[in-house]
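Structure of the sequence below:
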Amino acid sequence: MVLPVSVVLCSRNRPRLLFDAVESILAGDEVPAEIIVVDQSDEPCPLPSAGARIRGCDIRHLICSGRGLSLGRNQGAAAALYELLVFTDDDMSADRRWLARLLGGLAGGSSRDVVTGRVLAGSPEAPGGFVPALVSRESPAVYEGRLDIDVLAGGNMGLHRALFRTIGEFDVRLGAGSRFPSAEDNDLGFRLLEAGCRIVYVPEAILYHRAWRPASDYLPIRHAYGRGKGGYYAKYLSLTDRHMVRRLVVDLLRRVVRAPVRIRHPRLALGEIVYALGVLRGSAEWVISRNRRV
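Just a heads-up that it's a prediction; the model follows:
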């Protein structure tokens, strides 16, 4: 069955992962009406199937003007032909029921609902291979209002295009390829909840995050994720509304407490400290860059 939805999938210099991701979506029990591959590679690398229609799904290849995951997702959404948008990443592998389960989370709800799903780790594909971000909760949930955690997984989410435009799309200052290389989904989720939207978590909508990164990338990735999270916190820091101030402090304290607990696994323990340093650096850089523009 073909579902009336546009899947936006950004990629940069990872043609093999991209090919596998698209193949996994096309192998699903249901397929989208279109897959928009947003290509930010140094040299464009269209899929062999680009421009084709497979099982009723159009494979579109879009060359992105500029760099950054948020920019790519925004350009992909702008090019979409359908009202329902789904975002995923090129290093994901889809369960056969993924798309139907994900969109089922929007069925019968409001056009201001957003749906997100579970992200599990794939098998290691490199020495010490790891996955930088997972979502493992097994029970469904509906999130509303202000939270002390971030609940939207940008690589496994769907929403109505009109809502995406109204809320303001992804912040191009955040996310992979930008100065603050993560937390673009945290930022969008926060804005959605602040606007009175609901985030619906569907654990049956499963993607597998491929563990292709080698062990040597672990600490740099932790630092990069921390920098992005710090920028996100700093974006909303305020002396009159201290919600993000509290979240920043709690996050840093949690890292400090976790580090000695994980001492039997030195890489994980050091990763907590490196992440915390990244949060501090990202927060400071955001504040400095903001003040310079004033």
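
which stretches of the protein have low pLDDT?
Along the chain, segments meeting pLDDT under 70 span 293-294.

which stretches of it form strands?
2-11, 31-39, 53-54, 57-63, 84-89, 92-94, 113-124, 141-143, 156-160, 198-211 (DSSP state E).

Contacts only, for Val135.
Thr116, Gly117, Arg118, Val119, Ala153, Asn156 (CB atoms under 8 Å, 6 or more residues apart in numbering). For glycine as for every other residue, the C-beta is placed from the backbone atoms N, C-alpha and C.

Now render those residues as TSV, adding neighbour count and distance to Arg179.
Listed next are the contacts of Val135 as TSV, based on neighbours: other CB atoms under 10 Å; distance: CB to CB, whole Å:
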residue	neighbour count	distance to Arg179
Thr116	28	25
Gly117	27	29
Arg118	23	30
Val119	21	25
Ala153	25	22
Asn156	26	25
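
can I get the residues you listed in CSV with distance to Ile273?
Converted to CSV, those look like this (distance: CB to CB, whole Å):
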residue, distance to Ile273
Thr116, 29
Gly117, 31
Arg118, 28
Val119, 25
Ala153, 25
Asn156, 29
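
so which of those residues would you say is closest to Ser216?
In terms of CB to CB, no member of the contacts of Val135 lies closer to Ser216 than Val119, at 22.9 Å.

residues contacting that closest one?
Val119 neighbours (CB under 8 Å, 6+ apart): Met92, Ala133, Leu134, Val135, Ser136, Ala153, Gly155, Asn156, Ile206, Leu207, Tyr208, His209.

Just name the closest of those to Asp187, please.
For these, the nearest to Asp187 is Ala153 (13.2 Å; CB to CB).

how about that closest one, phi and psi?
Per-residue torsions, Ala153: phi -100, psi 110 (degrees, to the nearest 10).

Do I have it right that it meets Gly117?
Yes. Judged on CB atoms under 8 Å, Ala153 makes contact with Gly117 at a distance of 7.0 Å.

ok so, going back, Throw the strands of the chain into a markdown table and include distance to Leu102, thanks.
Below are these laid out as a markdown table (distance: least, CB to CB, whole Å):
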| stretch | distance to Leu102 |
| --- | --- |
| strand 2-11 | 9 |
| strand 31-39 | 10 |
| strand 53-54 | 20 |
| strand 57-63 | 16 |
| strand 84-89 | 7 |
| strand 92-94 | 9 |
| strand 113-124 | 5 |
| strand 141-143 | 15 |
| strand 156-160 | 5 |
| strand 198-211 | 4 |
